[in-house]
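Student: attaching a predicted model along with its sequence, questions to come.
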Amino acid sequence: MRQDPILVVGQNNMNSEKLNAWLTLIANIGVVIGLALLFYELRESQNLAETDAGVRRLNQMQEAWVEMAVSESLPAIRVKARTDGVQTLNQVELYRLKTWEDAVRVRMASQYIEFLRGYLDEDTAKGIVRNAAFLLPYWNELGIELGDGEFAEAIREEAGR
């Protein structure tokens with residue numbers, strides 16, 4: 001028994017359409033799974049970057065505290081400047097203290113940049129700015145320039161409150 005060629009072509013088209021529908025569905029599911037995995041990887045990467053920024057910040061602070069603690073002259077110079085005034089420092093003492101305080105400012109600025117890039121939380125950034133605003137009169141007395149930029153603007157805004 002011979003089949004009608006039109007029926008055979010119609011059945012082949014139906015089978016082809018079903019196959020295409022299934023392939024499209026599988027491809028779409030693959031795309032959704034791929035997007036979900038991509039989102040997960042991006043989030044994990046962001047979490048890792050945030051953790052790294054926080055750890056880096058704590059390491060910077062710890063290194064600074066150790067430097068201050070083991071320095072034979074810096075703590076005495078800092079106490080002298082705070083109690084007797086910056087004008088009582090000799091040139092070497094002033095240079096050391098100014099260099100130290102400028103390094104503190106630079107560390108704070110780098111941490112603020114990490115906040116701006118989304119790697120540190122807002123409370124941490126506010127604390128950094130608040131501490132810098134507290135130090136601003138002292139830095140001014142030492143002749144340390146804030147410069148321009150968002151960190152300097154944030155300090156000036158906080159100091160003006």
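Tutor: Nice, thanks for sending it over.
Student: which residues of the protein score low on pLDDT?
Tutor: For the chain, applying pLDDT under 70 flags the ranges 1-14, 65, 68-69, 161.
Student: tell me where the protein has helices.
Tutor: For the chain, helices defined by DSSP state H occupy the ranges 5-70, 74-84, 91-116, 122-142, 150-159.
Student: now these as JSON lines including mean neighbour count?
Tutor: Just so you know, the C-beta spots here come from the backbone N, C-alpha and C atoms, and that holds for glycine as well. JSON lines is the format used below for those (neighbours: other C-beta atoms under 10 Å):
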{"stretch": "helix 5-70", "mean neighbour count": "11"}
{"stretch": "helix 74-84", "mean neighbour count": "14"}
{"stretch": "helix 91-116", "mean neighbour count": "17"}
{"stretch": "helix 122-142", "mean neighbour count": "16"}
{"stretch": "helix 150-159", "mean neighbour count": "17"}
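Student: distance of the residue nearest to D52 when sequence neighbours are not counted relative to E153?
Tutor: Excluding the flanking residues, the one nearest D52 by C-beta to C-beta, 6 or more residues apart in numbering is Y119, at 7.5 Å. Y119 is 20 Å from E153, where distance means C-beta to C-beta, to the nearest Å.
Student: tell me which residues are up against stretch 111-121.
Tutor: Contacting residues not belonging to stretch 111-121 are listed as 46, 49-50, 52-54, 56-57, 60, 122, 124-125, 128-129, 150-151, 154 [C-beta atoms under 8 Å, 6 or more residues apart in numbering].
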